[in-house]
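Asker: Need the 3D shape of this:
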Amino acid sequence: MRLHHVLAAAACLLVIAGLVAGFTVTGSPSHARDVAIDQKRVDDLKDIASRLRTRYRDTGTFPATLPSEWAHDPVTKQPYPYRRTGRSQFTLCATFTAPSENEPSISGTGFWNHGSGQKCFNLDTSSEPA
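Answerer: Numbers count the residues shown, from 1 in each chain. Here you go, the predicted structure:
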């Protein structure tokens, strides 16, 4: 084998090793996409919770269903499951593709952490999770 063939083969092996190491550390592009979609779901739930608190905190009369113009799941386009559970309490749910990343939230509470599958968050207008 000539030297340039050996060098080309070594360069290819280094590129392949770099790709394998990169995917091992950061995950595949489809995993990154799943994580981004799940983060959108969490952001939507935070927005819905904030809207409910703003509009209904004083009256304590939550709507039976969420307004149709509010956020929907980015993949299924269906409204997020919502249920009144008390005078100042309600539950919001979403179905997640991947578990939360193992990083603490900014506030450290981890309230919005989730596993794969459906997760419901119990909220109260008298307190606000991070």
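
Asker: in stretch 34-44, what's buried?
Answerer: 34, 35, 38, 41, 42, 44 (16 or more other C-beta atoms under 10 Å). For the C-beta atoms, the positions are set from N, CA and C on the backbone; glycine is no exception.

Asker: Give me the mean pLDDT for the longest helix along the chain.
Answerer: The longest helix of the chain (DSSP state H) is helix 29-56. Per-region confidence: helix 29-56 scores 91 on mean pLDDT.

Asker: which strands and helices sit next to that helix?
Answerer: Counting contacts by 3 or more C-beta pairs under 8 Å, 6 or more residues apart in numbering; DSSP states H and E, helix 29-56 is packed against strand 89-96, strand 117-124.

Asker: The following helix or strand past that helix pairs with which strands?
Answerer: Later in the chain than helix 29-56, the nearest helix or strand by DSSP states H and E is strand 82-84. Using DSSP bridges, the strands paired with strand 82-84 are strand 89-96 (antiparallel).

Asker: So for the strand it pairs with, mean pLDDT?
Answerer: On average, strand 89-96 scores 94.

Asker: Can you mark which positions in that strand are buried?
Answerer: Neighbour-count burial for strand 89-96, counted by 16+ other C-beta under 10 Å, picks out 90, 92, 94, 95, 96.
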